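>>> could you work out the structure for the sequence below:
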Amino acid sequence: MAEVVIVPTAADAGALVADEIAALIARRPDAVLGLATGSTPEPVYAALRSRLSGVDVSQVRGFALDEYVGIDPQHPESYRTVITRQVVEPLGLDPARIQTPNGALETIEHAGEDYERAIAAAGGIDLQILGIGTSGHIGFNEPGSSFASRTRVKTLIQQTRQDNARFFDSVDDVPMHCITQGLGTILDARHLFLLAFGAGKAHAIAGAVEGPVTSSLPGSAIQLHEHVTVVVDEEAASELTHADYYRYAFANKPAWQGL
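All right, here's what the predicted structure looks like:
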């Protein structure tokens, strides 16, 4: 069972996860982070700024979850640009050590295999940050994705394109295809942190944590992982059947266990 931590606000969630990342980097200066984009992880990256101030992060490595196919890497909404803006520059990371999948059309046929080799060469991902979409997708693994899938090209469903249209001039400008870490790739990470905020994510969170393990809701793949921490605010937790138990368990957790 995933550990579920229910907090008052997204800022509280960001502080909790940032503490864990800072502790990881203190233990392992060349830690490998799995980096999500979008609005969900922003509180984590904001909280990390103070926690990593004065810390040598020159050896930290990172892999983004996904990238749009065919988008200019310099486009303000390419995930290469977003990761640079949200994570690399504010935290002072070495941009050469932070990778995103290559969405260039010229090399797209083998870009997934290239990314898998790069993650393996780094020794795998120590801590993966995840959000979840209203369709239940994690990364860009839309409903129907195989739990054994690796980094590959996917076609985005219309709901996901509409959800992401707020970052573009219109939904028509949201690319149709992406390259994303697969569910199997995500499950290889040593520790998963799944975050969700707001009532709009409540149904997806309930399904991911307490529903059946099914490819119809890709986020439910987290139930197959041995070390998952789900951090949600009260609204996102509102459809969890066992919310009171999760609160009780976390309040009485032995301090030495950590997250």
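>>> got the residue ranges for the helices in the stretch 151-259 of the chain?
Remark: helices assigned in the stretch 151-259 of the chain by DSSP state H, counting those that start in this stretch are 158-164, 183-187, 202-210, 243-251.
>>> report the rounded mean pLDDT for the second one.
Right, helix 183-187. Averaging pLDDT along helix 183-187 gives 98.
>>> show me how far that helix is from its chain's centre.
The chain centre lies 11 Å from the centre of helix 183-187; the measure is CA atoms, centre = their mean, to the nearest Å.
>>> with stretch 50-64 instead?
Relative to the chain's own centre, stretch 50-64 is displaced by 17 Å; criterion: CA atoms, centre = their mean.
>>> what's it in contact with?
The contact list for stretch 50-64 (CB atoms under 8 Å, 6 or more residues apart in numbering) reads 18-19, 21-22, 25-26, 29-37, 79-80, 83, 87, 91-94, 97-101, 115, 118-119, 122, 125, 181. In short, each C-beta sits where N, CA and C put it, glycine included.
>>> assumed I6 was part of a helix.
No. Using DSSP: H, G, I helix; E, B strand; the rest coil, the assignment for I6 is strand, not a helix.
>>> my read: it touches S238, true?
No. Using CB atoms under 8 Å, I6 makes no contact with S238, being 9.9 Å away.
>>> tell me which of these two has more neighbours.
I6 (20 against 17; other CB atoms under 10 Å).
>>> just the pLDDT at the more buried one, thanks.
For I6, the model assigns a pLDDT of 98.
>>> packing partners for the longest helix seen in the chain?
Counting residues, the longest helix found in the chain (DSSP state H) is helix 10-27. Packed against helix 10-27 by the contact rule (3 or more CB pairs under 8 Å, 6 or more residues apart in numbering; DSSP states H and E) you find strand 3-7, helix 42-51, strand 127-130, strand 191-196, strand 228-233.
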